[in-house]
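Peer 1: Just the structure for this:
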Amino acid sequence: MDNVSKNKYKYIWLIIIVFISLSLVGVALAAANAAGKSITAEQLAPSPSQNAGQPGASLPPSPFRTTPEKQQEVYSPGDPTGELMRRQAMANSTPGSDANAGLLAEIYRVEFWKQPSASTGIWGGVEPFSPVTITTSAGDVITTTADEYGEFSAPRDTVLYPNDIITVMAGVGEYPVVILFLDMYANSDSNIDQVIGTISYPYWEVEIHPWWGADVMTTTTDVDGNFWVTYDDIPPNGQGYLRFMDTVQSDDVQVIFHAPFYDVDPTIAVNYSHDWIEGLYDAAGWQVAITVTNEAGEVKGVAYGETGIIPYWGGNTGFATHYNVFWEGIQPDI
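Peer 2: This next block holds a predicted model:
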């Protein structure tokens, strides 16, 4: 048989095979229609086991929360909690769009900055664009709205005391977070180069963040919740803040506390333009006495008072002859 004849028979067999295949598909569709069913593209597609390991074979679930039950999610090593993935997905959507309809906003993080004056800053992370409501034990209600990155903040003049209860709600309030405001306190001592303080938890990790250029140090509280760390050198007026973490709601929400500390050895600053004397210090009502003398040692003026809140110092506390320490007689020329 010549080559032309061979090629002709190949084409005939190919046409027959295609005809048979199409006939079988037609029979399947007819049987399905007779049974009142329809075959979809998904039913004809390969099963997951057939394309396992291929790109796109197993996609992570949606980052949106549309039901009270938490979905099992797949996160990247660089985003172990999934918060960045959720935030990015929300930031790419339009507020009020169908993608956000029925969203049950979650709270991921709540942070506190406690001043010695009890004025406290509150901020944290939720679903982007979520309304946030903060309620305190005193009945104060603070409302705000998260930005496109899910960050929210409240005024720094919120007054909180140890053992106060704070409730934070986001979105429709499906996942409220109830937080016990913990007691925390610390001071630096430039005389002995130590930072000493206490929190409410025994055997708990505390970070010390100095503002004089030294490294952050981490320590663990003792059985009474006290801690202390020693630095090579704490300069006069050495300040910083302590930081420690708590978790609530089955460890899903980070609660982070911060509190500044000041040197117990007082340091003063002199404003020669106004003849003021002032310094940062605790708000615990420490008695202050200031004496001004001339070069000969003669007393030019004496002032008395006690440490406390200086309202226009942004929540910081201390003493100042223009506010809570008062001259006896005429203010001296300094």
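Peer 1: Please, where are all the strands along the stretch 51-200 of the chain?
Peer 2: 107-114, 119-126, 131-135, 141-145, 151-159, 165-170, 177-180, 184-189, 194-199 (DSSP state E, counting those that start in this stretch).
Peer 1: Run the angle between the fifth one and strand 131-135 for me.
Peer 2: Counting by axes from the mean of the first three to the mean of the last three C-alpha atoms, to 10 degrees, strand 151-159 points 20 degrees away from the direction of strand 131-135.
Peer 1: Partner strands of strand 151-159 and their direction?
Peer 2: Using DSSP bridges, the strands paired with strand 151-159 are strand 119-126 (antiparallel).
Peer 1: now the angle from the partner strand to strand 141-145?
Peer 2: Put simply, strand 119-126 runs at 40 degrees to strand 141-145, going by the same axes, to 10 degrees.
Peer 1: quick check: mean pLDDT across strand 119-126?
Peer 2: Averaged across strand 119-126, the pLDDT comes to 92.
Peer 1: picking that back up, Ile310 is nearest to which of the strands of the stretch 51-200 of the chain?
Peer 2: strand 119-126 (11.3 Å; C-beta to C-beta). In short, each C-beta sits where N, CA and C put it, glycine included.
Peer 1: helix or strand right after the longest strand along the chain?
Peer 2: As assigned by DSSP state E, the longest strand anywhere in the chain is strand 253-263. Using DSSP states H and E, the next helix or strand after strand 253-263 towards the C-terminus is strand 269-271.
Peer 1: strands paired with that following strand, and their directions?
Peer 2: Here, using DSSP bridges, strand 269-271 pairs with strand 276-280 (antiparallel).
Peer 1: Now do the longest strand of the chain and strand 165-170, the angle between them.
Peer 2: Using the same axes, to 10 degrees: strand 253-263 against strand 165-170 is 130 degrees.
Peer 1: let's have the chain start at 50 instead
Peer 2: Sounds good: first residue 50 from here, last item strand 302-312.
Peer 1: which helices and strands does strand 302-312 pack with?
Peer 2: strand 156-163, strand 226-229, strand 233-238, strand 243-248, strand 289-297 (3 or more C-beta pairs under 8 Å, 6 or more residues apart in numbering; DSSP states H and E).
Peer 1: Where does the prediction get shaky in this protein?
Peer 2: 50-154, 298-300, 333, 364 (pLDDT under 70).
Peer 1: Domain boundaries for it, per the record?
Peer 2: 233-312, 318-376 (automatic domain parsing).
Peer 1: In contact with the nearest residue in space to Leu209 that is not next to it in sequence: list those residues for me.
Peer 2: The shortest distance from Leu209 to any non-neighbouring residue, by C-beta to C-beta, 6 or more residues apart in numbering, is to Thr169 (4.4 Å). Going by C-beta atoms under 8 Å, 6 or more residues apart in numbering, Thr169 touches 161-163, 205, 207-209, 230.
Peer 1: what does Ala263 give?
Peer 2: 280-281, 283.
Peer 1: distance of it from Leu209?
Peer 2: Going from Ala263 to Leu209 by C-beta to C-beta, to the nearest Å gives 29 Å.
Peer 1: His323: neighbouring residues, count only.
Peer 2: By other C-beta atoms under 10 Å, 11 other residues sit near His323.
Peer 1: in which helix or strand would I find the closest residue to it other than its chain neighbours?
Peer 2: Leaving aside its sequence neighbours, His323 sits nearest to His371 (C-beta to C-beta, 6+ apart; 7.0 Å). Using DSSP H and E, His371 sits within no helix or strand.
Peer 1: can you check the one 4 residues further on too?
Peer 2: Using DSSP H and E, Phe375 maps to strand 374-376.
Peer 1: same for that strand, what does it pack against?
Peer 2: Taking 3+ C-beta pairs under 8 Å, 6+ apart as the contact cut, strand 374-376 packs with strand 348-355.
Peer 1: right, and the helix or strand after the strand it packs on?
Peer 2: Downstream of strand 348-355 (by DSSP H and E), the next one is strand 357-358.
Peer 1: Skip ahead from that following strand and say which helix or strand is next.
Peer 2: Strand 357-358 is succeeded, C-terminally, by strand 366-369 (DSSP H and E).
Peer 1: what's next to that following strand, contact-wise?
Peer 2: 164-166, 311, 325-332, 337, 354-359, 374.
Peer 1: Lovely, talk soon.
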